[in-house]
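Asks: Can you look at this prediction? I've put the sequence above it.
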Amino acid sequence: PLHPAEVVDVQPDQLPAAAGCPVGQHPGVAAVLARDCPDPSPRRERPGVEQGREARATPLTERHIAAGQADHAGQRSSTGVDAGGSLELGDVAPAGGLGAQIIDLGFEDLVRDDPARRHVEMQQVHLQPVLDPTAHAHALESRLYCPAMASLTVSSASGSTVKVDAVVIGVVTGPKGLSLAPGSEAVAAAVGKGLLPALRGLGATGAAEEVTRLATLGATTAPVVVAVGLGTAVPAYDGEVLRRAAGAAVRALAGTAKVAIALPAADLAALRAIAEGGLLGAYAFDRYRTVSAEGRLAPVRELVLLTPSAKIAGARAALRRAEIVVTAVHLVRDLVNTPPSDLHPAELAAFARQAGTEAGLTVEVLDEKALTKGGYGGILGVGQGSVHRPRLVHLSHRGGKGATRTVALVGKGITFDSGGLSLKPAASMEEMKMDMGGAAAVIATMTAVARLGLAIDVDAWVPMAENMPSGAAIRPSDVLTMRSGTRVEVTNTDAEG
């Protein structure tokens, strides 16, 4: 069998005439290639390492390559080969006088009822391929779109008797120094006059986002009170101040299962801000941790907002809005934190399709063939140095008859920016997996727009590419023809934005 990123010597008389055998799939991402080739002395190299050895080549026929998954048997791929076997991403097989490496496999619309659009993309290689298909073992899973989030409830219960592991109250800097913020009255009454002196003794000043923990010694049902600073005392607290304070307190309480928050929630806007802050503070991205995961405290899993406004009409709607917004923010954080080896343009586009479809958006994905046909020279130029081909995603939301505005969003989706031939310094590349942050923000925003049912029309365009140096990369002095027909001379390949 051919193995991912393996080069083998294959003679014409060794090519099988019978149907091939699947060598494995990565469900939902696409997986793909090969036949049983009885190579008498197969040489297997470590995937992803260039060995500098040539692949002998002979043409393959339809009988020797099959693209697809079992449930798509009998359909025809854009390479002109019949589906029915299984290709593996990164496999190398002889084709057309050179080795052909499978570098991209598309199975779009898998979760929809309409016929799947499919393609198999190959590149010609002389040397041992450097694509590491094992990277796709982590590749975007559906759980990426379902980030773990703390549960959220609202209650009018007293902060002194609510059954939680910790209660968060606010403190401020007033004319007489440290003071308690509204919302802390029940806890202050239960602990007594010693609360403020104890907090002062622990160094609390009321500065914004400052967190001070205090054991209640049985004075309240919760064993711990956490005082978080809101800054200078004012009649009404800004939503951003409340959001940041709640987030700081919840982050500091990692390792605590259930937390109540009793910050000043004078209206529904304040309540929503506190909810957003608490949920954002409970975020963690631990998917790739191994050794560093040992002893790491889990984020808070349950939040209870304490407010007299709990029964006010609209309170639960405010919390639902907060949950939708924070889910979108978590989605962006997950995408930005994902290593570039697991988030190439094709995978980011597949994720955008999945997330958009689930949210009720209309999604269109243009692959490199559609981009070429449409004359998208800019996107193609930026991505031509990488084996991971560009994509362009169009997400649209229609607000219905009540829609009176149209909004357009564009998100930059460079899944890794090395700078291309105008190579960045090593230190400048360390954070370049985040160069797709604009794309992540736009994709997540569109899912939130759809889930909130906003009465506006929104169209989002997300170009995706990987800016890499190679023999095929654009060069300074190259001229690209944009879709508009405008020609652009490249002077620095790191100016791809």
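Replies: Done, it's in.
Asks: who's in contact with stretch 231-244?
Replies: Contacts of stretch 231-244 with the rest of the structure, by CB atoms under 8 Å, 6 or more residues apart in numbering, involve 172-175, 179, 181, 206-209, 230, 263-266, 269-270, 272-274, 276-277, 280. Every residue, glycine included, has its C-beta placed from N, CA and C.
Asks: now the closest residue to residue 485 other than its chain neighbours: how far from residue 432?
Replies: Closest residue in space to residue 485, ignoring its immediate chain neighbours: residue 375 at 8.0 Å, by CB to CB, 6 or more residues apart in numbering. Distance from residue 375 to residue 432, counting by CB to CB, to the nearest Å: 28 Å.
Asks: Specify which residue of the two has the higher count of neighbours.
Replies: residue 432 (17 against 13; other CB atoms under 10 Å).
Asks: May I have the phi/psi pair for the closest residue to that one other than its chain neighbours?
Replies: Closest residue to residue 432 apart from its sequence neighbours, by CB to CB, 6+ apart: residue 417 at 4.4 Å. Here is the backbone geometry of residue 417 (degrees, to the nearest 10): phi -120, psi 100.
Asks: okay, residue 417: pLDDT?
Replies: You'll see residue 417 listed with a pLDDT of 97.
Asks: so where is this protein shaky, pLDDT-wise?
Replies: 1-148, 309-310 (pLDDT under 70).
Asks: go again using 50 as the cut-off
Replies: Flagging of the chain using pLDDT under 50 yields the residue ranges 1-145.
Asks: wait, doesn't the residue nearest to residue 432 sit right on residue 493?
Replies: No - judged on CB atoms under 8 Å, residue 417 makes no contact with residue 493 at a distance of 10.0 Å.
Asks: Quote the end-to-end distance of stretch 340-349.
Replies: 14 Å (CA to CA, to the nearest Å).
Asks: Contact partners for residue 266?
Replies: 182, 236-237.
Asks: which residues of the stretch 201-350 of the chain fall in strands?
Replies: Assigned by DSSP state E, counting those that start in this stretch, the strands in the stretch 201-350 of the chain fall at 211-215, 224-232, 258-262, 302-306.
Asks: And the second one, what's buried?
Replies: Going back to what we said before, that points to strand 224-232. Within strand 224-232, the residues that count as buried by 16 or more other CB atoms under 10 Å are 224-231.
Asks: Direction included, what does it pair against?
Replies: Strand pairing for strand 224-232, determined by DSSP bridges: strand 166-174 (parallel), strand 211-215 (antiparallel).
Asks: Redo those as TSV? Include distance to residue 410.
Replies: Below are the strands paired with strand 224-232 laid out as TSV (distance: least, CB to CB, whole Å):
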stretch	distance to residue 410
strand 166-174	39
strand 211-215	38
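Asks: closest to residue 397 out of those?
Replies: Among these, the nearest to residue 397 by CB to CB is strand 166-174 (35.9 Å).
Asks: which parts of the closest one are buried?
Replies: Burial within strand 166-174, assessed by neighbour count using 16+ other CB under 10 Å, is assigned to 166-173.
Asks: after it comes which helix or strand?
Replies: Downstream of strand 166-174, the next assigned helix or strand under DSSP states H and E is strand 177-180.
Asks: what do residue 417 and residue 493 both touch?
Replies: Common contact partners of residue 417 and residue 493 (CB under 8 Å, 6+ apart): residue 467.
Asks: re the thing from before, reformat the buried residues of strand 166-174 as CSV; add distance to residue 369.
Replies: Formatted as CSV, the buried residues of strand 166-174 follow (distance: CB to CB, whole Å):
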residue, distance to residue 369
166, 56
167, 58
168, 54
169, 59
170, 57
171, 61
172, 60
173, 62
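Asks: From the opening residue of stretch 290-306 to its closing one, how far?
Replies: Using CA to CA, the end-to-end distance of stretch 290-306 comes out at 37 Å.
Asks: And it, what's buried?
Replies: Buried-residue list, stretch 290-306, by 16+ other CB under 10 Å: 299-300, 302-306.
Asks: Repeat that for stretch 464-482.
Replies: 464-469, 473-474, 480.
Asks: can you check stretch 251-265 too?
Replies: Residues of stretch 251-265 classed as buried by neighbour count (16+ other CB under 10 Å): 251-253, 256, 258-265.
Asks: what's across from residue 306 in the sheet?
Replies: Applying DSSP bridges to residue 306 yields these beta-bridge partners: residue 155.
Asks: And the contacts of the longest helix belonging to the chain?
Replies: Criterion DSSP state H: the longest helix present in the chain is helix 315-337. Helix 315-337 has contacts (CB under 8 Å, 6+ apart) with 144-145, 147, 149, 152, 154, 268-269, 271-272, 275-276, 279-280, 283, 285, 305, 307, 309, 343, 348, 351, 355, 433-434, 436-437, 439-441, 443-445, 447-448, 451-452.
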